[in-house]
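[1] prediction below, plus the sequence it came from.
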Amino acid sequence: MENPLRVPLGLLKEKGELVLEATIEPERLNPFVEQARLVGPVSVALRARWSQDRAWISGRASGRWEMECCRCLARQRSSYGVPIEAEVEDPGAEIDALEETRQALLLAVPTRSYCRADCKGLCPSCGANRNETDCRCPAPPKRPPTLTRRGHA
Ligand SMILES: [Zn+2]
Ligand SMILES: [Zn+2]
């Protein structure tokens, strides 16, 4: 498959600056990370520069992704706009801005995502989604703060 974000270094050196715009199918970047999946195309708008014997890439990737709520495991979709700033040292014969895009997206994935701020999560007893149903399980007893033993072994 042709990679529209691949630039021959010779061309960039000659021009000094190139504008790269592409719509990337999510399959090019999925599988992504466990808690997020890209859905729909990724719009990438980048500027590549050759300066101080280095290639520089800056711009933005935007699209939609799907994440799993860390409390209730519901999957929800949202939009993202991720800045891309990269300095490509020793790029070899060509620059692969697709790889830089992938890296920027990976860094932008939140480690914990919630379907909503007040998500009630799943019942630890019966597994019911407490956002949707009141399962009437007794509330778990409030445990005193765990005593951690600090070691004089
Ligand atoms: Zn949730
Ligand atoms: Zn329950």
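    Now that the structure is in, tell me what you want to look at. Ligands and ions are numbered 1, 2, ... in the order given.
[2] stretch 33-48: which residues count as buried?
    35-38, 42, 44, 46, 48 (16 or more other C-beta atoms under 10 Å). C-beta: built from backbone N, CA, C; applies to glycine.
[3] what's the longest helix in the protein?
    helix 97-108 (DSSP state H).
[4] in CSV, could you pull the C-alpha coordinates for it?
    Extracted C-alpha coordinates of helix 97-108, given in CSV (Å, rounded to 0.1, in the frame of the first residue of the first chain):
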residue,chain,number,x,y,z
ALA,A,97,5.6,10.8,8.8
LEU,A,98,3.0,8.0,9.1
GLU,A,99,5.2,6.5,11.9
GLU,A,100,5.5,9.9,13.6
THR,A,101,1.7,10.2,13.4
ARG,A,102,1.3,6.8,15.0
GLN,A,103,3.7,7.8,17.8
ALA,A,104,1.8,11.0,18.5
LEU,A,105,-1.5,9.3,18.6
LEU,A,106,-0.2,6.6,21.0
LEU,A,107,1.0,9.3,23.3
ALA,A,108,-2.3,11.1,23.2
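[5] in stretch 87-106, which residues are buried?
    So for stretch 87-106, counting by 16+ other C-beta under 10 Å, buried means 88, 91, 95-98, 100-102, 104-105.
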